[in-house]
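**Q** Take this sequence and fold it.
(chains A and B)
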2 protein chains.
Amino acid sequence: MTLIQEKIRQSIGLLQEFGVDCWITFTRESDICGDPTLVFLAPGPVTWHSAFIVCADGRTRAIVGLYDQKGVEETGAYDKVVGYVTGIKEPLLEFLKDVNPRTIAVNYSKASEICDGLTHGMYLTLHDFLAEAGLAERLVSAEKIVSALRERKSAAEIGWMRQAVRATEDIFDLVVRFIAPGRTESEIAAFILAEAERRKLPTAWGRATCPAVFTGPDTAQAHYAPTGRTVEAGHVLNMDFGVKVEGYCSDMQRTFYVLAPGETAAPDDVMKGFRTIVRTVEESKAAIRPGVEGRAVDAVARSIVVEAGYAEFPHALGHQVGRFAHDGTALLGPAWEKYAQKPFQKLEEGMVFTIEPRLTVPGRGVVTIEEMVVVTRDGAEWLGRPQRDIFLVG
Amino acid sequence: MTLIQEKIRQSIGLLQEFGVDCWITFTRESDICGDPTLVFLAPGPVTWHSAFIVCADGRTRAIVGLYDQKGVEETGAYDKVVGYVTGIKEPLLEFLKDVNPRTIAVNYSKASEICDGLTHGMYLTLHDFLAEAGLAERLVSAEKIVSALRERKSAAEIGWMRQAVRATEDIFDLVVRFIAPGRTESEIAAFILAEAERRKLPTAWGRATCPAVFTGPDTAQAHYAPTGRTVEAGHVLNMDFGVKVEGYCSDMQRTFYVLAPGETAAPDDVMKGFRTIVRTVEESKAAIRPGVEGRAVDAVARSIVVEAGYAEFPHALGHQVGRFAHDGTALLGPAWEKYAQKPFQKLEEGMVFTIEPRLTVPGRGVVTIEEMVVVTRDGAEWLGRPQRDIFLVG
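**A** Here you go, the predicted structure:
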């Protein structure tokens, strides 16, 4: 069974579970501003107004522009694929009047960006169409369906992510030997990108900041591109990197210490910070299990870092990973405005999270580790080999 | 002046021209479902709720998550860049209360996908924020502003597109010598991609269908990936390809005839079709000038093809090109439902359009040419060298 066939079968079950009669992914010109859900429903981009419809009773239909019809038909995932020339309204309403669903879920969400692929103009267009058929009042958010479709990962999906993690770890192991005083952040990033290219692996996010490399104190904040700043003895260096395998991402951070002449280990201030981060990652992982809200896990991490005497990290402890480095709805984060309801979602088996606390060691740099775990029936499991020792370079 | 600085300056003038006090591009996690306008406003993707604000009185402000602040500041394009930690509402409302705009334009549009970058969930979020400040009723569509910003191209933008067209023509010239009976569509596509890579030029749209290559009768419709189908004598072959230079696209189609043994020219049925397409392209170009509605140009083309005895092509005559292969709002298209108000927009100087009529020669294949033109003060100008002779191969 292909991924599209598997996801459409899964979505029928989710509609039944959440008591929704019909789910429509409604999008156009998907290369410009497409719905991130489309990749589970179609073999490639679509051009004109397109509707991918799944019903709780098992009926499935795609309605697309004529030129996209053949590709969608070949997925073998839909009972019927309609290819139209002048407009989608007539074939769309014909099908919906026949189904007569009590609820029609569409992809919008205030809280969750990954479930918010319907643009406002397309919402208005669909609303106008449905109003003509007396169905507009039946629109609801598909947040629960889309979230579960992405979050409850199959064994195949988790397998691809394990491969992505493994490749990332292999590249980190190589970069340890490349980092040396005098090298710039940009040179280190170029080395990492060359290793990814040699393995024919795309980066998990845009190459400008994948990898991100930060060396020493007073660097730019996270999300900033590597610079000409050079590695110096006595500094802490960290990097953030990930790759994609079969479209599924890794997202990991590692911390390095640059030995000064005569040093054979990192000094106490650095090691105190590093051990705090290692312990925070371990205790966070121990707090993860199905049914727990993400904010509870974030709180465990946040209090360890603060009680050790460091400033609170200005971001969530961890996010889900999937086809995007930031994926899913449930979040290991604090109840801050920008995270909306995401930290209040309960964790479920099959979700893949990062754990990425961060702290600053004054005069040295930023210590941070980002691990990936999958939520299991009664806890969480590493997707790779967690960093337990600081990487010594120089 | 950088592109971002230039576009923000241009947008201030557009706000004054269209009588709008304030324009907000409101987006988040732009790698997942970002606003296509963002590339004119920020140096890279943004993570958390982000607002890029331009006012008719010349004030500019960006409000972004802390980790995106430094990169946006370095554009030098905003009076002030605010980096927040917990939520955007407070700094956003503080600025808007101070400006107190009569109208607040945001990026949604039923008709124009390129102006429809605001997701419905983000619209609801912004609406909620503004309602708290009594400003929600001031929201309007930014369609005119965003359209003009993309459509009225600068000399620099047109220069990059000319380079993209030139490179595409050079590659078409090479592929003429590569095509031969027995080659597959996939092999021809691979040859073209290798030439683009050798020039370090990204494709104008996804590589799966860029180039698209179709040989012989009864091929898949446009937008379908190259197949294992082989080139055969007596068949017509067409391809659709484009590259990007500095982020600006070309989008062009060319038609080839595969000579049979003993033939030195294409047969009459093929030449009748080819000459019809060449004439259609010429007369369409002659109909383009500022102030004309796109549907009038489409009608010229459609009637030539139909009067020559061929079926009407099931798509618009031409679309705009820019940072996407399909860009802008105004369209050289018929008044079909799916095109909404786009064919009714008046053409303006600086718009770049494709002209791409199509017809089928029974038993031979599809004849189609796609040229690119820029609208001038009193007409239109080719961006490249239009195809006047069918490419003979074999």
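**Q** Map the structural domains onto the sequence of chain A.
**A** Taking automatic domain parsing as the domain assignment, the record places the domains of chain A at A:3-150, A:152-393.
**Q** For the last one, what is the distance to the chain centroid?
**A** Spelled out, that is domain A:152-393. Relative to the mean C-alpha coordinate of its chain, domain A:152-393 is positioned 13 Å out (CA atoms, centre = their mean, to the nearest Å).
**Q** try stretch A:119-131
**A** Averaging C-alpha coordinates over stretch A:119-131 and over its chain gives two centres that are 28 Å apart (CA atoms, centre = their mean).
**Q** picking that back up, in CSV: the domains of chain A, plus mean neighbour count and distance to chain B.
**A** In short, each C-beta sits where N, CA and C put it, glycine included. Rendered in CSV, the data for the domains of chain A read as follows (neighbours: other CB atoms under 10 Å in any protein chain shown; distance: least, CB to the nearest CB, whole Å):
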stretch, mean neighbour count, distance to chain B
domain A:3-150, 20, 3
domain A:152-393, 20, 3
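**Q** want to throw the ones you listed into CSV with distance to residue B:235?
**A** CSV is the format used below for the domains of chain A (distance: least, CB to CB, whole Å):
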stretch, distance to residue B:235
domain A:3-150, 19
domain A:152-393, 35
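**Q** Tell me the predicted confidence for the residue nearest to residue A:384 when sequence neighbours are not counted.
**A** When the adjacent residues along the chain are set aside, residue A:384 lies closest to residue A:165, with 3.9 Å between them (CB to CB, 6 or more residues apart in numbering or on different chains). The pLDDT attached to residue A:165 in the predicted structure is 98.
**Q** And residue A:222, by the same measure?
**A** pLDDT at residue A:222 comes out at 68.
**Q** outside of the worst-scoring helix or strand of chain A on mean pLDDT, which residues touch it?
**A** Comparing helices and strands within chain A by mean pLDDT, DSSP states H and E singles out helix A:30-33 as the least confident, with a mean of 92. Helix A:30-33 is touched from outside by A:38, A:45-46, A:50, A:119, B:33-36, B:113-114, B:116-117, B:205-206, B:324-326, with contacts defined as CB atoms under 8 Å, 6 or more residues apart in numbering or on different chains.
**Q** And stretch A:188-206, by the same measure?
**A** Counting contacts by CB under 8 Å, 6+ apart, the residues outside stretch A:188-206 that touch it are A:164, A:167, A:171, A:174-175, A:178-179, A:207, A:210-213, A:226, A:231, A:239, A:241-245, A:249-251, A:324-325, B:31, B:44-45.
**Q** Now, those that are in strands?
**A** The members of the contacts of stretch A:188-206 that map onto strands under DSSP state E are A:212, A:213, A:239, A:241, A:244, A:245, A:249.
**Q** how about those, which pair is most distant?
**A** Using CB to CB, the two most remote members of the ones in strands among the contacts of stretch A:188-206 are A:213 and A:245, lying 22.4 Å apart.
**Q** give me every residue that touches residue A:136.
**A** Under the criterion of CB under 8 Å, 6+ apart, the contact partners of residue A:136 comprise A:127, A:130.
**Q** Sorry, wrong one. I was asking about residue A:381.
**A** Taking CB under 8 Å, 6+ apart as the criterion, residue A:381 is in contact with A:373, A:374.
**Q** Quick check: mean pLDDT of the helix or strand it falls within?
**A** For residue A:381, the host element (DSSP states H and E) is strand A:380-382. Rounded to a whole number, the mean pLDDT of strand A:380-382 is 98.
**Q** helices or strands up against the next helix or strand after that strand?
**A** With elements assigned by DSSP H and E, the helix or strand that comes after strand A:380-382 is strand A:391-393. Strand A:391-393 sits against helix A:155-178, strand A:252-258, with contacts defined as 3 or more CB pairs under 8 Å, 6 or more residues apart in numbering or on different chains; DSSP states H and E.
**Q** Using TSV, lay out the ones you listed together with distance to residue B:100.
**A** As requested, the helices and strands packed on strand A:391-393 are arranged in TSV below (distance: least, CB to CB, whole Å):
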stretch	distance to residue B:100
helix A:155-178	49
strand A:252-258	44
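**Q** before we move on, back to that, closest to residue B:350 out of the domains of chain A?
**A** Within these, the stretch nearest residue B:350 is domain A:3-150; the backing value is 20.1 Å (CB to CB).
**Q** outside of the host helix or strand of residue A:4, which residues touch it?
**A** Applying DSSP H and E as the criterion places residue A:4 in helix A:3-18. In this structure, residues lying in contact with helix A:3-18 by CB under 8 Å, 6+ apart are A:1, A:21-23, A:40-43, A:54-56, A:58, A:60, A:75-78, A:105, A:144-145, A:148-149, A:152, A:154, A:156.
**Q** for residue A:308, what are its contacts?
**A** Neighbour list for residue A:308: A:272, A:276, A:359 [criterion: CB under 8 Å, 6+ apart].
**Q** Could you rerun that using 7 Å?
**A** Contact partners of residue A:308, counting by CB atoms under 7 Å, 6 or more residues apart in numbering or on different chains, are residue A:276.
**Q** Then residue A:161?
**A** For residue A:161, the set of contacting residues under the criterion of CB under 7 Å, 6+ apart consists of A:248, A:250, A:321, A:352, A:383.
**Q** residue ranges with poor pLDDT in the stretch 251-394 of chain A?
**A** Across the stretch 251-394 of chain A, no stretch falls below the confidence threshold (pLDDT under 70).
**Q** May I have the beta-bridge partners of the closest residue to residue A:354 other than its chain neighbours?
**A** On the basis of CB to CB, 6+ apart, the spatially nearest residue to residue A:354 that is not a chain neighbour turns out to be residue A:318, at 4.3 Å. Here residue A:318 sits in beta bridges with residue A:332, as judged by DSSP bridges.
**Q** you'd agree residue A:318 is up against residue A:352?
**A** No - at 9.9 Å, residue A:318 does not count as touching residue A:352 under the criterion of CB atoms under 7 Å.
**Q** residues contacting residue A:71?
**A** With CB under 7 Å, 6+ apart, residue A:71 has these contacts: A:43, A:44, B:224.
**Q** Model confidence for the closest residue in space to residue A:93 that isn't next to it in sequence, exactly?
**A** Leaving aside its chain neighbours, residue A:93 sits nearest to residue A:133 (5.0 Å; criterion: CB to CB, 6+ apart). Reported pLDDT at residue A:133 in the predicted model: 96.
**Q** which residues sit in contact with residue A:133?
**A** Contacts here follow CB under 7 Å, 6+ apart; on that basis residue A:133 touches A:93, A:96, A:97.
**Q** same check, this time on residue A:377
**A** Residue A:377 sits in contact with residue A:349, where contact means CB under 7 Å, 6+ apart.
**Q** sec struct for it, please.
**A** For residue A:377, the secondary structure call by DSSP: H, G, I helix; E, B strand; the rest coil comes out as coil.
**Q** any idea how far residue B:227 is from it?
**A** Counting by CB to CB, to the nearest Å, the gap from residue A:377 to residue B:227 is 45 Å.
**Q** same question, residue A:118
**A** Distance check for residue A:118 against residue B:227: by CB to CB, it reads 33 Å.
**Q** what does residue A:226 give?
**A** 42 Å.
**Q** what's the spatially closest residue to residue A:68 that is not a sequence neighbour in contact with, if anything?
**A** In space, not counting the residues next to it along the chain, residue A:68 is nearest to residue A:46; the distance is 4.9 Å by CB to CB, 6+ apart. Residues in contact with residue A:46, defined by CB under 7 Å, 6+ apart, are A:27, A:28, A:30, A:64, A:65, A:68.
**Q** and if we set it to 6 Å?
**A** Counting by CB atoms under 6 Å, 6 or more residues apart in numbering or on different chains, residue A:46 touches A:30, A:64, A:68.
**Q** Per-residue pLDDT of it, please?
**A** Residue-level confidence at residue A:46 comes out at 95, pLDDT.
**Q** Stretch A:145-159: how far from the chain's middle?
**A** Shown here is stretch A:145-159, whose average C-alpha point lies 11 Å from the average C-alpha point of the whole chain (CA atoms, centre = their mean).
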